[in-house]
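# okay, predicted coordinates and the sequence, questions at the end:
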Amino acid sequence: MDDIQNRTDIELLVNNFYERVHNEPNLAQVFAIPAEQWNMHITRVVNFWENWLFQTGSYNGGMMLVHLQANEKNRLTTERFEQWLSLWFLSIDSLFIGVKADFIKSKALEIGQIMNAKFNC
C-alpha cells in the first residue's frame, strides 16, 4: 500500500467512503442528496482534501455552512460524527498508508470534534 499521491487517489478515497456511508442507515439519510447535486458534492469534497494535502487552492470554502444546513435536516449527533469518522478512517486504512493518509485522518478528527462541539454542546 502507498500513501496518497494525487487527486485520483483522493477521488478513490472519497468514493470508497461514500459507498460505505450509503450502506449505513444512520448516515445514508444525512447524505441523501439529489442526483443532480451529487457530482458537485463529490467534487467539493475532493477539492477540500486535495487543497489540504497539496495546497491547490481548489476549495472555495463554506464547509461549516453546508454542515449547519445538513444538521437542520438530519441532526448531526455525536453518534453520527463517531460513525462518520470510523468510516472515514476505515476507508483511508483500506487504501493508503503514510504521512498524507495519517494527516487527513488527523484533520478529519479535528474537524469532526469542532463540528460536534458546535452542534451538540
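Perfect, I can see it now.
# how near is the nearest residue to residue 4 once chain neighbours are set aside to residue 1?
Nearest residue to residue 4, sequence neighbours excluded (Cβ to Cβ, 6 or more residues apart in numbering): residue 100, at 4.2 Å. Using the backbone N, CA and C atoms, a C-beta is placed for each residue, glycine as well. If you measure residue 100 against residue 1 using Cβ to Cβ, to the nearest Å, the figure is 12 Å.
# those two: which has the busier surroundings?
residue 100 (20 against 9; other Cβ atoms under 10 Å).
# I'd say that one and residue 3 touch.
Yes - assessed by Cβ atoms under 8 Å, residue 100 is found in contact with residue 3 at 4.9 Å.
# buried ones in the helix or strand hosting residue 106?
Taking DSSP states H and E as the criterion, residue 106 maps to helix 99-119. The neighbour-count check on helix 99-119 (16 or more other Cβ atoms under 10 Å) flags 100-101, 104-105, 108, 111-112, 115-116, 119 as buried.
# before we move on, what about stretch 35-55?
By 16+ other Cβ under 10 Å, the buried positions in stretch 35-55 come out as 44-53.
# repeat that for stretch 2-19.
Buried, per 16+ other Cβ under 10 Å, within stretch 2-19: 4, 7, 9-11, 13-14, 16-18.
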